[in-house]
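**Student:** I would like the atomic coordinates for the input below:
(chains A and B)
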There are 2 protein chains.
Amino acid sequence: MKLTILGCYSATPRVNTNPTSQVLETKGNIFLIDCGEGTQVQLRKNKIKFSRIKHIFISHLHGDHYFGLVGLISTFRLMSRETDLHIYCPKGLKEVITLQMKLADSWTNYQLIFHELDSDSSKLIYKDEKVEVHTIPLKHRVYANGFLFREKEGQRKLNMEAVLENNIDVSYYRKLQQGFDVKNKEGKLIENTLVTKPGTKSKSYAFCSDTAYSEAIVPLIKEVDTLYHEATFLEQHKKLTTSTKHSTAKQAAEIANQAQVGKLILGHYSTRYKDLETFRKEAQTVFEQVELAEDGKTFEF
Amino acid sequence: MKLTILGCYSATPRVNTNPTSQVLETKGNIFLIDCGEGTQVQLRKNKIKFSRIKHIFISHLHGDHYFGLVGLISTFRLMSRETDLHIYCPKGLKEVITLQMKLADSWTNYQLIFHELDSDSSKLIYKDEKVEVHTIPLKHRVYANGFLFREKEGQRKLNMEAVLENNIDVSYYRKLQQGFDVKNKEGKLIENTLVTKPGTKSKSYAFCSDTAYSEAIVPLIKEVDTLYHEATFLEQHKKLTTSTKHSTAKQAAEIANQAQVGKLILGHYSTRYKDLETFRKEAQTVFEQVELAEDGKTFEF
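**Tutor:** Numbering: from 1, shown residues only, chains lettered A, B, ... in the order given. Presented below is the predicted three-dimensional model:
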C-alpha cells in the first residue's frame, strides 16, 4: 500500500497547507479519501493520474473535507471522462453536487454514482477481488465515518521440496495455494501447512478523521498495519476537544496502543501550532511508532 | 482604482494558474469579483485583508467563477467575523450555500445577505456616497452579469482667486463645489464654471466575463476607463465560440473599440494556449490599449 498525503491540516486552506485529502494506492486501485478545497491542484502536484481515480470516500460534510469535490467532478467532465465515478459519502452530498450541476446546466458524461451512508455501525461498502473497504463510525459534531481498507489474504506459497517429497499430483497445486488439505498419489491426506508457506501478508490501512477520542473504534481497527488518526490538538488544549469533538495527539496514540496497530500517522493539525514535532513527542509518551503526516509526503507499507 | 487579478484562467485550477477572481479597490471599498476555487489562498498570497471584503459579486454559476465562495464564507466564520457580507449573484446560489451550511450544521455568526439577480436589463445593485455598481447583462450559456463600477463625480474645486474677485459670500462655497451657480454679495448671478475647476475625474471599471461577443453591452460600458473582457479563444478557434458562448481576443477588442474605453484588459484564457502575447497581438489589430491579465498582477487607473 502506498499512501500520499495531499493535505493534512484542519480548517482553512492556506498558502502552504492544505485541508484533508489523501490517496491510497493498493492492488491497482487509487482510492481518494476526502477532498478539501484545492485537492485537484494537489493531485496535479503529486502527479496522480486523474483518470485512475474511480472511488472517492468522503468522511463527513465539513467543508475542509469535501469543498474540493464539486470542482474535481467538474474537471473530470471537462477532461471528457467516460469512466464511472463512485462516491461514498454521508447522505446529503448528492443533493449538493446535483444542485450545482443543475445551476451550471453542466452534466457529466460519465456515470456519477453516489453511495450515501447513514448507518451508525460498520458496513462493507466496497469490495473487489483483492480489497475490501469498511466504514468506521466516528464520533464527531456531524455524522462521520472513517474507512478501513483491507487487502484480502494472498494465496499460500508452495514449499516445492515438501510438495515433491509428499508425492502430490500437480493438479492439486491450486487447491494447496488456496489453503486446502489434499490427498497425495497414494490417497493419504496431506495437511496444507506441511507443504505450503504463508503468502504475502495482506495489508490494511485505517483512516480516522475527524473524531473525538472513541474507544468504540478499537475493535474495528485492531492490528491494522497503519492507522491515520486525527490529532487536531495537543493535550495543553484538551478542553477544546469537548465542544469541537476532535482528539489530541496523546488520545490518538492511546487508540493506536489499544488497537495494537503497526504504525500511527498523525494529521489534521490545528494551524495554531508551529512545530509539528511536539505532536510526535506527545504521542510517543504512549505509543512508539508515530509518524507525522505532511502535505506531499508518502508512506509505503 | 486598483485592480488585483487573483485568477484569470478559464476552466480548471492548475498548479500555476487560477480560475476567475479579482479584487477592485476604490474609495475605501474592497470589492471581490468572482470567486473560483482557491480564491482564499490567492487573497492570502496577495495580502488582501479578509475583514475588508464586504461585497462579493458573482457573475454566473459556472464553477470556475464561484466554487471558492463556500470555503471563503466558511473561513470568515472560523475567523469569527461579525461584519455583514453582501453577495450579489444569480438566483440559486443562496440555496447552494445554505444547503452546505445546513449539512455541516455550521452557521455564520455574521449576517450573510444574498442579493439574487434575475433581470435581463442593467440594474443598479450597489451604491454608497462614492461608488455605484450596475449589472451588465452578458450573453452566455447560463444567466450571467458583468459589473460596472463607477465612482461618483468628485466635487468641483474652488478657484479662490476668481471667487474672491467675484465677491461671493463664504456661505455659498459648498453650493459652488456642488456645481451650482450662486448670487454674489451684490445679487449678481455668477456662473459656476467661472469660479470653479473640475474636481478629480471619477473612474470607472467594467468587468465582462463570461460572454459571447455582444454589442448590446457597448452603451453600458461607453468610455469606461478600464474594461476587463474575456478572451477565452484566439480567432483560429473562433468556431468554438458559438457553442461555448465565449469570445476571441479580437472580438473583445472590437467591443473595446466600439465603447471607446480607455484600456482593455484581456483574461479568461483557455489553457490550450501557451503564449499569452498572441492574445495581445490579435487584439491590437483592432484596439491599441491592450493589457494582459495575469494571476497576481495589479492595475492602477
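**Student:** going forward, measure contacts between C-alpha atoms and count neighbours the same way
**Tutor:** Will do.
**Student:** mind checking what secondary structure the residue of chain A most remote from its centre has?
**Tutor:** For chain A, the C-alpha farthest from the mean C-alpha position belongs to A:Glu186; by CA atoms, centre = their mean, that distance is 48.3 Å. State at A:Glu186, reduced to three classes by DSSP: H, G, I helix; E, B strand; the rest coil: coil.
**Student:** residue contacts, it?
**Tutor:** Contacts for A:Glu186 (CA atoms under 8 Å, 6 or more residues apart in numbering or on different chains) come out as A:Asn167.
**Student:** 10 Å instead?
**Tutor:** Neighbour list for A:Glu186: A:166-168 [criterion: CA atoms under 10 Å, 6 or more residues apart in numbering or on different chains].
**Student:** element containing A:Leu266?
**Tutor:** Counting by DSSP states H and E, the element that carries A:Leu266 is strand A:263-267.
**Student:** got it, and A:Met101?
**Tutor:** Assigned by DSSP H and E, A:Met101 belongs to helix A:93-104.
**Student:** just checking, what packs against that helix?
**Tutor:** helix A:69-78, strand A:112-117, helix B:93-104 (3 or more CA pairs under 10 Å, 6 or more residues apart in numbering or on different chains; DSSP states H and E).
**Student:** which other residues reach it?
**Tutor:** Counting by CA under 10 Å, 6+ apart, A:58, A:60-61, A:66, A:69-71, A:73-74, A:87, A:105-108, A:112-116, B:60-63, B:67, B:90-93, B:95-97, B:99-100, B:103, B:141-143 sit against helix A:93-104.
**Student:** same thing but at 6 Å, please
**Tutor:** For helix A:93-104, the surrounding residues in contact (CA atoms under 6 Å, 6 or more residues apart in numbering or on different chains) are A:107, B:61-62.
**Student:** what of stretch A:149-169?
**Tutor:** With CA under 6 Å, 6+ apart as the test, stretch A:149-169 has contacts from A:130-133, A:177-178, A:184-185, A:195-200, A:202-205.
**Student:** are any of the residues you listed buried, and which?
**Tutor:** Neighbour counting by 16 or more other CA atoms under 10 Å in any protein chain shown classes A:131-133, A:177-178, A:184, A:195-196, A:203-205 among the contacts of stretch A:149-169 as buried.
**Student:** so which of the residues you listed comes closest to chain B?
**Tutor:** The closest of those to chain B turns out to be A:Val133 (CA to the nearest CA; 24.5 Å).
**Student:** quick check: domain ranges of chain A?
**Tutor:** As assigned by automatic domain parsing, chain A contains the domains A:2-154+A:200-300, A:157-197.
**Student:** looking at the ones you listed, which is buried most?
**Tutor:** Mean neighbours per residue, mean count of other CA atoms under 10 Å in any protein chain shown, is largest over these for domain A:2-154+A:200-300, with a mean of 20.
**Student:** report the distance from stretch A:9-26 to the chain centre.
**Tutor:** On the basis of CA atoms, centre = their mean, to the nearest Å, stretch A:9-26 sits 14 Å off its chain's mean C-alpha point.
**Student:** so which bits of chain A are right by chain B?
**Tutor:** Within chain A, the positions near chain B by CA under 6 Å from any CA of the partner chain are A:14-15, A:41, A:61-62, A:75, A:104.
**Student:** mind listing which of these are in strands?
**Tutor:** Assigned to strands by DSSP state E, none of the residues of chain A next to chain B qualify.
**Student:** restricted to helices, list those.
**Tutor:** If you go by DSSP state H, the residues of chain A next to chain B have A:41, A:75, A:104 in helices.
**Student:** JSON lines please, covering those residues and showing pLDDT.
**Tutor:** What follows is those, written out as JSON lines (pLDDT from 0 to 100):
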{"residue": "A:Val41", "pLDDT": "97"}
{"residue": "A:Thr75", "pLDDT": "97"}
{"residue": "A:Ala104", "pLDDT": "96"}
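**Student:** what's near enough to touch the nearest residue in space to A:Pro13 that is not next to it in sequence?
**Tutor:** Among residues not flanking A:Pro13 along the chain, A:Pro19 sits closest, at 5.6 Å (CA to CA, 6 or more residues apart in numbering or on different chains). Contacts for A:Pro19 (CA under 6 Å, 6+ apart) come out as A:7-10, A:13, A:36, A:64.
**Student:** need those residues in CSV with pLDDT, secondary structure and distance to A:Lys274, can you?
**Tutor:** Shown next, in CSV, are the contacts of A:Pro19 (pLDDT from 0 to 100; DSSP: H, G, I helix; E, B strand; the rest coil; distance: CA to CA, whole Å):
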residue, pLDDT, secondary structure, distance to A:Lys274
A:Gly7, 98, strand, 16
A:Cys8, 98, coil, 14
A:Tyr9, 97, strand, 12
A:Ser10, 94, coil, 13
A:Pro13, 93, coil, 16
A:Gly36, 98, coil, 21
A:Asp64, 97, helix, 20
